[in-house]
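Asker: Fold the following for me, if possible:
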Amino acid sequence: MQPTTNTLPTQPHAWSFLPFKEPQTEQALPRRASIVESSPEISSINLSSRPLPPTFVLSPSLPPNSVDYLLYGDPLVTNADQEELQIRNYLMEMQDKLEHVGCAIKALEDNRDALSYEIQMKRAQQQDCCCRREKCKAVVINSWITMARRYSLPLHEMNVSVILPPEVVLHIFTFLPPVDLAKSVSLVCHKWHSLAFDSAIWRDVCSSRNVPVSAPSNLSCTARTKPDCDGDDAMLWSPCHAPSYHNAYVNSYRRELNWKNGRHGCVSLKGHKEIVWSLLHSPEDNVLISGSEDMSLKVWDLDEGVCTQTMRGHKNGTICLARSDRRVISGSADGSIRIWDMDTGSCLHTIQTHSSVWSMQIVENGTKLIAGCVDASIRVFDLNTTAHLNSFRGHTAPVRCLQVAEGFGELMVISGSYDRSIKIWDMSGQCLNTIRAHTHKINCLQFDGRTMVSGSHDTLVKVWDLTGQCVHTLQGHDNMIHCLQFRGNKLLTGSSDSTVRVWDTQSGDHLRTIKTHSAVCALQFDDNVLISGFEDS
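Answerer: Below is the predicted model:
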């Protein structure tokens, strides 16, 4: 396209258009992009630049409705087109959302209709239940009236116990949980109240749950509920004529709740100057004996919380303890075993083992002592003559723990060693079985004739059966296990992570964690008290 000089417009900057003929065929205009692409004349025009000079003349090849093509690329028109496109897209998006909302509303309406129908059906079932209940009540009342008239029974006591013998009712009560007996059954009527607290029932309850029962007392007792307790802890109460079996169960029940809920008091016994390695508790006289790295033994009166005796003589730490009547036996890292008189605190005998003694057990009614030594041997001594009777050899590292108990009808010795194994011996010193128990040193174990539990530096506690099969692996401690003890199904473990954990040996469940202030190196517990020895003395 070339500008000419003889076609100037009359007005400055006005555009002139040359005439052209109409197309012969009616055809829909193509899209703007295709026109621009097919027309080299149009594509060469830059409408966004400054105004063309007056001599500029457009080609007559454009169709009559060519304004849109001419305005293509103009900033104002482009902005309007973009805004229109955004509005169009927004409208489409809102339309989609509106359709989704409509679908959701329809689904909610369907759900509402279904719920309404279900409510109607349940209400109809409720009415049917009420009708059946009234009919059953009428049948029961009429039957009771007929029975009362036949056997001359009081009409105001409608329970089966009035026609059943007491022995039959007691037998039925034995199938009920103790909580239901004391909380529900005893409140039905006076006769059931008397039968629910019969000594025969609670004797069987205590026997089935291994609850220790003291000798029956003729002293009367009153209601026994804690003033500050509620819930299940406050449900057990006894009449003034209740036997000691019921009281024993109540005390045992409350102790279990205290263990479970962590309700306890704390008393500190201070006297040792270094690590407390061993503890020996005697519930009969409530006396505690402790052995420490400070080379001393101390006897404590737990009722008063005071040290009554201090025994010195070892030249190294006191690692393990045992007791036979009024004699205390201590094993030390100085390679000796000392026998003490607990009343006077004097040393009666000294047995030289020439190897550190880390564990010991008394057997055969206090006449023999079995000791585990650092030289990997297990030695048997006569406590009366202090003579060395036998040695068990098989471990390859220090014997850290020992337990003697009856299993398979004979007395067996179980030893745990730093060689990561547990060995089972007979009393002649023959090794019956070896268990590769842990991946690290074994620190502690206990065996009661049926179940064995071991603890190790690998932070694991394992429960074993009589065949040497691992029943449970208890994980939870963050550091080595120093000590453990179990009674019944309750197992307590102490660790260098400054915690005592409570486990159930039957299920393997972790029941509770008791946090302490230092590494736990020794522990002893019974139903009433937990005693622990710490690294900080």
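
Asker: switch to C-alpha atoms for all contacts and neighbour counts from now on
Answerer: Fine.

Asker: List the contacts of I424.
Answerer: I424 is in contact with 412-415, 431-434, counting by Cα atoms under 8 Å, 6 or more residues apart in numbering.

Asker: how about 10 Å then?
Answerer: 403-404, 412-416, 430-435, 468 (Cα atoms under 10 Å, 6 or more residues apart in numbering).

Asker: same thing with Q446?
Answerer: By Cα under 10 Å, 6+ apart, the contact list for Q446 reads 401-405, 414-416, 452-455, 463, 483-486.

Asker: can you do 8 Å?
Answerer: Neighbouring residues of Q446 by Cα under 8 Å, 6+ apart: 402-403, 452-454, 484-486.

Asker: So it lies in a strand, does it not?
Answerer: Yes - per DSSP: H, G, I helix; E, B strand; the rest coil, Q446 lies within a strand segment.

Asker: Show me the beta-bridge partners of it.
Answerer: Using DSSP bridges, the bridge partners assigned to Q446 are V453.

Asker: what is the rounded mean pLDDT of stretch 520-527?
Answerer: Averaged across stretch 520-527, pLDDT comes to 90.

Asker: next one: it to chain centre, how far?
Answerer: 21 Å (Cα atoms, centre = their mean, to the nearest Å).

Asker: Run a quick neighbour tally on I329.
Answerer: Using other Cα atoms under 10 Å, the number of residues around I329 comes to 24.

Asker: Against A322, how distant is it?
Answerer: Look at I329 and A322: by Cα to Cα, to the nearest Å, they are 5 Å apart.

Asker: Beta-bridge partners for the residue nearest the centre of the chain, please?
Answerer: In the chain, the centroid-proximal residue (Cα atoms, centre = their mean) is H510; its distance is 5.0 Å. Following DSSP bridges, H510 is listed with bridge partners W503.

Asker: which residues touch it?
Answerer: By Cα under 8 Å, 6+ apart, the contact set of H510 is 474, 501-504.

Asker: repeat that with 7 Å
Answerer: 502-504 (Cα atoms under 7 Å, 6 or more residues apart in numbering).

Asker: what about N443, how many residues close to it?
Answerer: By other Cα under 10 Å, 23 other residues sit near N443.

Asker: Helices of the stretch 201-350 of the chain, residue ranges please.
Answerer: Under the criterion DSSP state H, counting those that start in this stretch, the stretch 201-350 of the chain contains helices at 244-261.

Asker: what about it, any weak spots by pLDDT?
Answerer: Along the stretch 201-350 of the chain, the parts satisfying pLDDT under 70 run over 214-243.

Asker: What is the end-to-end distance of stretch 437-453?
Answerer: Start to finish, the residues bounding stretch 437-453 are 10 Å apart (Cα to Cα).

Asker: What residues sit buried inside it?
Answerer: Across stretch 437-453, burial judged by 16 or more other Cα atoms under 10 Å covers 437-438, 440-447, 449, 451-453.

Asker: and if you look at stretch 281-298?
Answerer: Those buried within stretch 281-298 under the rule 16+ other Cα under 10 Å are 281, 287-298.

Asker: Then stretch 387-407?
Answerer: So, applying 16+ other Cα under 10 Å, buried residues of stretch 387-407: 388, 392, 395, 397-404, 407.

Asker: Verify the assumption that H171 is located in a strand.
Answerer: No - using three-state DSSP, the assignment for H171 is helix, not a strand.

Asker: how many neighbours does it have?
Answerer: 12.

Asker: Roughly how far does it sit from L164?
Answerer: 11 Å.

Asker: Could you check the pLDDT of N46?
Answerer: Among the per-residue scores, N46 shows a pLDDT of 44.

Asker: just G394 next, same as before
Answerer: Looking at G394, its pLDDT is 95.

Asker: now swap in T174 and tell me
Answerer: Reading off the model, T174 has pLDDT 85.

Asker: what's near enough to touch the nearest residue to V404 once chain neighbours are set aside?
Answerer: Among residues not flanking V404 along the chain, V413 sits closest, at 4.6 Å (Cα to Cα, 6 or more residues apart in numbering). V413 makes contact with 403-405, 424-427, according to Cα under 7 Å, 6+ apart.

Asker: now do 8 Å
Answerer: If a contact means Cα under 8 Å, 6+ apart, then V413 has 402-405, 424-427 as its contacts.

Asker: What residues are bridge-paired with it?
Answerer: Under the criterion used (DSSP bridges), V413 bridges to V404, W425.

Asker: separation between it and M427?
Answerer: Here V413 is placed at a distance of 7 Å from M427 (Cα to Cα).

Asker: Equivalent analysis for S194, please.
Answerer: S194 is 53 Å from M427, by Cα to Cα.

Asker: Same question for A80.
Answerer: Note on A80: its distance to M427, by Cα to Cα, is 104 Å.

Asker: So for the two, which sits in the more crowded spot?
Answerer: Comparing A80 with M427 by other Cα under 10 Å, the one with more neighbours is M427, at 15 against 12.

Asker: isn't that one right up against L411?
Answerer: Yes - assessed by Cα atoms under 8 Å, M427 is found in contact with L411 at 6.6 Å.

Asker: Low-confidence regions, the stretch 1-150 of the chain specifically.
Answerer: Counting by pLDDT under 70, the stretch 1-150 of the chain shows low-confidence ranges at 1-73, 147.

Asker: at 80 instead, please
Answerer: When residues are selected by pLDDT under 80, those of the stretch 1-150 of the chain lie in 1-74, 76-77, 140-141, 143-150.

Asker: longest single helix anywhere in this protein?
Answerer: In the chain, taking DSSP state H as the definition, the longest helix is helix 75-151.

Asker: what about the closest residue in space to M452 that isn't next to it in sequence, neighbour count?
Answerer: If the residues on either side of it in the chain are set aside, M452 comes closest to W464, at 5.0 Å by Cα to Cα, 6+ apart. Residues contacting W464 under the criterion other Cα under 10 Å number 20.

Asker: cool, L411 as well?
Answerer: Using other Cα under 10 Å: L411 sits among 15 other residues.

Asker: surely it meets F447?
Answerer: No - between L411 and F447 there is no contact under Cα under 8 Å: 11.6 Å.

Asker: re the thing from before, in JSON lines: the buried residues of stretch 387-407, plus secondary structure.
Answerer: Below are those laid out as JSON lines (three-state DSSP):
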{"residue": "H388", "secondary structure": "strand"}
{"residue": "F392", "secondary structure": "strand"}
{"residue": "H395", "secondary structure": "coil"}
{"residue": "A397", "secondary structure": "coil"}
{"residue": "P398", "secondary structure": "coil"}
{"residue": "V399", "secondary structure": "strand"}
{"residue": "R400", "secondary structure": "strand"}
{"residue": "C401", "secondary structure": "strand"}
{"residue": "L402", "secondary structure": "strand"}
{"residue": "Q403", "secondary structure": "strand"}
{"residue": "V404", "secondary structure": "strand"}
{"residue": "G407", "secondary structure": "strand"}
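
Asker: Format these as a markdown table; extra columns: distance to G313.
Answerer: Output for the buried residues of stretch 387-407, formatted as a markdown table (distance: Cα to Cα, whole Å):
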| residue | distance to G313 |
| --- | --- |
| H388 | 21 |
| F392 | 28 |
| H395 | 30 |
| A397 | 27 |
| P398 | 24 |
| V399 | 24 |
| R400 | 22 |
| C401 | 23 |
| L402 | 24 |
| Q403 | 26 |
| V404 | 28 |
| G407 | 37 |
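
Asker: Among these, name the least confidently predicted one.
Answerer: pLDDT across the buried residues of stretch 387-407 is at its lowest for G407, which sits at 72.

Asker: ok, the closest residue to that residue other than its chain neighbours to T467 distance?
Answerer: Of all residues beyond its chain neighbours, the one nearest G407 is G449 (4.7 Å), with distances taken as Cα to Cα, 6+ apart. The gap separating G449 from T467 is 11 Å, by Cα to Cα.

Asker: L484: which element?
Answerer: Assignment of secondary structure by DSSP states H and E places L484 within strand 481-487.

Asker: which other helices and strands contact that strand?
Answerer: strand 442-447, strand 452-456, strand 490-495, strand 520-525 (3 or more Cα pairs under 8 Å, 6 or more residues apart in numbering; DSSP states H and E).
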